[in-house]
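> pasting a predicted model and its sequence here:
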Amino acid sequence: MALVITLVTNFVSEKAKIGKNVRIWHFAYVGDNTEIGDNVKIGSLAHVDYNVKIGENTMIEGMVYIPPLSRIGKNVFIGPAATLTNDPYPASKKMVGVTIEDGAVIGSRAVIKAGVTIGKNSVVAMGAVVTKDVPADMVVVGVPAKIKYSREEYDKKKKKWESS
């Protein structure tokens, strides 16, 4: 008897709606009824579950988990191994997704609690655990995440870093 090995590099549901110029890397998963806007990148080993909406020009790095019912805006960056959740009281029968508004940045290995909204242009630092809504244009850090400074200050620090 011969051994048959089937290698699947990624799985994208036939029921998913994929925009133009979308790049889905190796071993990624995209579930049923998910809508992905134009120019989105989904990294290797990412899991984008069913009934998720992702806006255009968003970058989702490798090993990110996006649960059902999540809504991600345009021009969002989600760093490697970030985890969004959809069950505030596991294992319950009622689920609620995470909302990430336009222009937000989610750092590597951040964890975001079900039902939380990450405001427009806000930043979640790497490793932060977000248990409450994050206002627009704010940077949160820590466990649990707390406001550290404004997005304007973040952008100044980033510009200084890039020019040094």
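Here it is on my side, so go on.
> quick check: pLDDT value at Ala114.
Predicted confidence (pLDDT) for Ala114: 96.
> distance check, it against Thr131.
Ala114 sits 10 Å away from Thr131, going by Cβ to Cβ, to the nearest Å. Just so you know, the C-beta spots here come from the backbone N, C-alpha and C atoms, and that holds for glycine as well.
> these two: who's more crowded?
When neighbours are counted by other Cβ atoms under 10 Å, Ala114 comes out ahead of the other of Ala114 and Thr131, with 21 against 15.
> how about that one, secondary structure?
For Ala114, the assignment made with DSSP: H, G, I helix; E, B strand; the rest coil gives coil.
> any idea how far it is from Lys158?
Distance from Ala114 to Lys158, by Cβ to Cβ: 30 Å.
> check contacts around Asp32.
The contact partners of Asp32, by Cβ atoms under 8 Å, 6 or more residues apart in numbering, come to Ser13, Lys15, Ala16, Tyr50, Asn51.
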